[in-house]
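# sequence and predicted structure below; questions after.
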Amino acid sequence: MPSLPDPKARHMLQNLKLATAALMLAATPAAAELEVSLYLGVQSAHSDTDSVDLPGPAGPVSRDISWKVNPFDNPLYYGGRATWWTRNNIGFGVEGTHTKAIADPADRAALGVDKLEFTDGHNIITANVMKRWPGAFKTTPNFTPYAGAGVGVAIPHVDIQVTGAASRTFDYETTGPAIRGIAGLKYALNEKWALFGEYQITWSDNDATIDPDVAVPGQSEGKLKTELVTHAVNFGISYSF
């Protein structure tokens with residue numbers, strides 16, 4: 001887990017921890033099962049008009065950035081979650097997903113940057129509420145559909161190199177709120193192990209800081225603002241306690 005030195009990051013994560021703890025406590029009286037799930041998958045990423053304000057006096061530039069993702073390049077796209085299922089098949093839990101987003105070369109050239117990406121992770125962490133429907137398919141009882149949603153924060157690793165600058169932005173930042181939606185189907189191998197496939201969508205409102213050039217004394221910091229949406233098809237395995 002990345003270190004989060006700034007007060008904004010600590011405050012947002014503290015609120016998320018409190019919300020998650022409240023959900024877990026609400027689930028405890030009727031707790032029936034803890035399920036841990038890990039997955040890989042394929043994803044896409046897109047945004048509407050983005051605003052990039054590079055360090056210095058130039059001012060912001062608005063542009064529709066095309067984002068690439070390369071989910072199978074190192075580091076891979078991946079995720080995991082823990083869900084506490086109650087006896088009425090409502091689940092409460094936490095989830096983290098390591099998504100990626102890389103600005104297209106034409107957009108980087110137009111904006112005046114050599115790098116503009118979240119390849120060490122556009123990390124989405126949410127507190128989830130889930131619902132499952134065991135026995136929904138009478139002829140194939142091993143299959144269980146489920147759906148859910150989560151609210152949390154985006155913690156991307158911001159990697160931006162301004163063209164000609166002597167330094168670059170290269171750090172984790174807590175950039176804003178995030179929302180997750182999930183719909184999937186689980187196949188039980190036995191009482192403990194299961195395979196699953198699912199669709200996920202995430203939305204995040206990102207306000208990232210671009211560090212000033214260390215070679216330019218007194219230069220102001222810049223900003224990258226983007227509402228990033230990812231779509232993913234995941235395949236994974238889960239274990240229930």
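Done, it's in.

# I figured residue 79 hits residue 100, correct?
No. With contact defined as CB atoms under 8 Å, residue 79 does not reach residue 100; the gap is 12.0 Å. Bear in mind the C-beta positions are built from the backbone N, C-alpha and C, glycine included.

# how close does the nearest residue to residue 166 once chain neighbours are set aside sit to residue 164?
Among residues not flanking residue 166 along the chain, residue 215 sits closest, at 3.8 Å (CB to CB, 6 or more residues apart in numbering). Between residue 215 and residue 164 the computed distance is 10 Å (CB to CB, to the nearest Å).

# what does residue 129 give?
Between residue 129 and residue 164 the distance is 48 Å, computed by CB to CB.

# what's the answer for residue 71, then?
Going from residue 71 to residue 164 by CB to CB gives 31 Å.

# of the two, which one has the most company?
For residue 71 versus residue 164, the count of surrounding residues by other CB atoms under 10 Å is larger for residue 71: 18 against 10.

# and that one, what is it in contact with?
Contacts for residue 71 (CB atoms under 8 Å, 6 or more residues apart in numbering) come out as 41-43, 77, 100.

# same thing but at 10 Å, please
40-45, 77-78, 98-100, 232 (CB atoms under 10 Å, 6 or more residues apart in numbering).

# report the buried members of those residues.
For the contacts of residue 71, a burial check counting by 16 or more other CB atoms under 10 Å picks out 41, 43, 45, 77-78, 98-100, 232.

# could those residues be laid out in a markdown table, adding secondary structure and distance to residue 122?
Putting the buried ones among the contacts of residue 71 into a markdown table (DSSP: H, G, I helix; E, B strand; the rest coil; distance: CB to CB, whole Å) gives the following:
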| residue | secondary structure | distance to residue 122 |
| --- | --- | --- |
| 41 | strand | 14 |
| 43 | strand | 10 |
| 45 | strand | 8 |
| 77 | coil | 10 |
| 78 | strand | 13 |
| 98 | strand | 8 |
| 99 | strand | 5 |
| 100 | coil | 6 |
| 232 | strand | 12 |
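
# which one of those is nearest residue 201?
Residue 201 has its nearest neighbour among the buried ones among the contacts of residue 71 in residue 232, at 7.7 Å by CB to CB.

# which residues touch the spatially most central residue of the chain?
For the chain, the residue nearest the mean C-alpha position is residue 124 (2.2 Å; CA atoms, centre = their mean). Residue 124 makes contact with 79, 95-99, 150, 152-156, 178-180, 200, 202-204, 228, 230, according to CB under 10 Å, 6+ apart.

# the closest residue to residue 60 other than its chain neighbours pairs with what?
The spatially closest residue to residue 60, leaving aside those adjacent along the chain, is residue 53, at 3.9 Å (CB to CB, 6+ apart). As for beta bridges, residue 53 partners with residue 223 under DSSP bridges.

# look at residue 53 and report its pLDDT.
pLDDT, residue 53: 96.

# and the gap between it and residue 142?
From residue 53 over to residue 142 the distance is 53 Å, taken as CB to CB.

# who has more neighbours, those two?
Legend: neighbour count by other CB under 10 Å for residue 53 and residue 142, higher for residue 53 (17 against 13).

# the more buried one against residue 223, yeah?
Yes. Between residue 53 and residue 223 there is a contact at 4.5 Å, judged by CB atoms under 10 Å.

# identify the contacts common to these two.
Residues touching both residue 53 and residue 223 by CB under 10 Å, 6+ apart: 60, 210.

# now do the most far-flung residue of the chain relative to its centre against residue 127, distance only.
The C-alpha centroid of the chain is most remote from residue 139, which lies 36.1 Å away (CA atoms, centre = their mean). Distance from residue 139 to residue 127, counting by CB to CB: 35 Å.
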